[in-house]
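> Just a sequence and a predicted model for now, questions to come.
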Amino acid sequence: MLQLQVIRENKEEIIKALSKRNLDASSLLDNILQLDEKRRAVQTQLDAALAELNSLSKEIGMLFKTGKAQEANLLKEKTGTLKEDSKKLGEDLNTTAEELQALLYQIPNIPHISVPAGSTEDDNEEVFKEGNIPTLSGDALPHWELAKKYDIIDFELGVKIAGAGFPVYKGKGARLQRALISYFLDKNTEAGYKEIQVPHLVNEASGYGTGQLPDKEGQMYHVGADDLYLIPTAEVPVTNIFRNEIVNQKDFPICLTGYTPCFRREAGSYGAHVRGLNRLHQFDKVEIVRVEHPSKSYEALNGMVEHVKEILRDLKLPYRIIRLCGGDLGFTAALTYDFEVFSTAQDRWLEISSVSNFETYQANRLKLRFKDEHGKSQLAHTLNGSSLALPRVLAGILENYQTPEGIKIPEVLIPYTGFNMIN
RNA sequence: GGAGAAAUGGCAGAGUGGUCGAAUGCGGCAGUCUUGAAAACUGUUGAGGGUCACACCUCCGGGGGUUCGAAUCCCUCUUUCUCCGCCA
């Protein structure tokens, strides 16, 4: 959420920046500024009424204390209309503030200066590419065929138990997945991220804190009886650790990593591109989250990008990094780098990580602040990234590491799997 | 699930209708002293709105009510603790 004060002072710049998202925010911002002005005017009136009421009350108290009950009772009568007024003003203030809030929730984050203009993923900018794309024999299979061939992932069984998009991992498939999780967590821990385990269901306030609500309401599974949401990413519970917190500046950088399953309804996305592990309702992910001083957040973002690179180098997977264009950029992000692994057998790139800086957008919703050197509280910056999303890494490994004899296991994973071949 | 108790500032903990945004202790910050540190002493130290700056307003778990006046009384929700039951 953008800060009102920033909107007040930079309306034109914001409109211009948001046009990169193909959004014309001018009338929205005008409405906001108008409501903001109204809100402050009503607040001023209410404050004045309350101030008078307060001083009358004090006076009455004094009069009673000194035994002048008659005078006190006279004053009492004067409070009636003041109370009525302040009640009305209070109601007016509440509705105005709510309307204002609802509008503020509709504005996405301002794209970073480096974000390219554009409307679809075709306008994203490739910024880095590394790794060798293996040449596979002609009978190379996509991962869903390999999964069947070696009996390591059972999609049909998942359908029986839950539905499409809930695969069952079996035997060496399950073990490989667990190995990846452990490896990622170890790698992140070595890089200074503190491992934590968090709830997999979150309340509404948390959903608003990181911006999934109200923007992506329909994308999350909702448990109606308890009014909780299944997390679509660990970002939500992990970042919400800091909701309503004022952290110590000395604690920066705050670096956390956590493994969670992720649940996404993925309403409306069906078709050939979602076969196999490509798009699931439930999948595993290891996430890294950082809370940073505003002056350090882009340095931190680059650090996170380098970290994910290193993991992919370790796994010897061919990948590229793209900078998302304005049209593809997530609602809450200022700048996002996506990592994509080339899946040889499918002949396409699969997104396996998304690393973003949210600047103060989430922090403003979360009320996540820190005390600066002058003792003033300021909004912190939040960042996060996947390191990594499991299914597509798994797909990439299965497809790129397949041989006529079976699927080889990347060397760094062998200590975790205990085997070096799926056959 | 049943019965009871509680929720106050970073933490601990007072405060049962008026001058309480809130005693006191610890912690934090600044200073004095010291070669330096510790100790001791002194001062300072919640958040938000509002203002050029003041004034002023709001907040004692959330919401509502009583009252001229609520941290304090009432209702309700949530959470925590104790006991009982059940249970991975």
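Here it is on my side, so go on. Numbers count the residues shown, from 1 in each chain, chains lettered A, B, ... in the order given.
> Now name the helix or strand holding the residue of chain A found nearest RNA strand B.
Checking chain A residue by residue against RNA strand B with C-beta to the nearest atom of the strand singles out residue A:61 as nearest, at 2.9 Å. Just so you know, the C-beta spots here come from the backbone N, C-alpha and C atoms, and that holds for glycine as well. Under the assignment given by DSSP states H and E, the secondary-structure element containing residue A:61 is helix A:26-65.
> Identify each buried residue in that helix, please.
For helix A:26-65, the neighbour count (16 or more other C-beta atoms under 10 Å) marks A:28-29, A:32, A:35-36, A:38-39, A:42-43, A:45-46, A:49-50, A:53, A:60, A:63 as buried.
> Who are the packing partners of that helix?
Counting by 3 or more C-beta pairs under 8 Å, 6 or more residues apart in numbering; DSSP states H and E, the packing neighbours recorded for helix A:26-65 are helix A:4-18, helix A:69-104.
> Please spell out which residues along the shortest one are buried.
Counting neighbours by 16+ other C-beta under 10 Å, one finds that the buried residues in helix A:4-18 are A:4, A:7, A:11, A:14, A:15, A:17, A:18.
> hey, where'd the strands end up in the stretch 101-250 of chain A?
A:125-130, A:153-154, A:168-169, A:194-195, A:201-202, A:222-223, A:228-230, A:246-247 (DSSP state E, counting those that start in this stretch).
> Just name the most buried of those.
Of all those, strand A:153-154 carries the top mean neighbour count, a mean of 22, counting by mean count of other C-beta atoms under 10 Å.
> Within its sheet, name the partner strands of that strand and how each one runs.
strand A:168-169 (antiparallel) (DSSP bridges).
> Which residues outside the partner strand are in contact with it?
By C-beta atoms under 8 Å, 6 or more residues apart in numbering, the list of residues contacting strand A:168-169 from outside reads A:152, A:153, A:154, A:155, A:157, A:158, A:161, A:177.
> Just the CA coordinates for the strand or helix carrying residue A:322, please, in CSV.
When elements are assigned from DSSP H and E, residue A:322 belongs to strand A:319-323. Taking C-alpha atoms only, strand A:319-323 is exported to CSV below (Å, rounded to 0.1, in the frame of the first residue of the first chain):
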residue,chain,number,x,y,z
TYR,A,319,18.6,-21.3,-16.4
ARG,A,320,17.9,-17.7,-17.2
ILE,A,321,16.9,-14.6,-15.2
ILE,A,322,14.3,-12.2,-16.5
ARG,A,323,13.2,-8.9,-15.2
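> Go ahead and measure how far the helix or strand following that strand is from the middle of the chain.
Using DSSP H and E, the helix or strand that directly follows strand A:319-323 along the chain is strand A:335-343. Relative to the chain's own centre, strand A:335-343 is displaced by 17 Å; criterion: C-alpha atoms, centre = their mean, to the nearest Å.
> Summarise which helices and strands strand A:335-343 is packed against.
Secondary structure elements in contact with strand A:335-343, counted by 3+ C-beta pairs under 8 Å, 6+ apart, are helix A:297-315, strand A:319-323, strand A:348-359, helix A:390-400.
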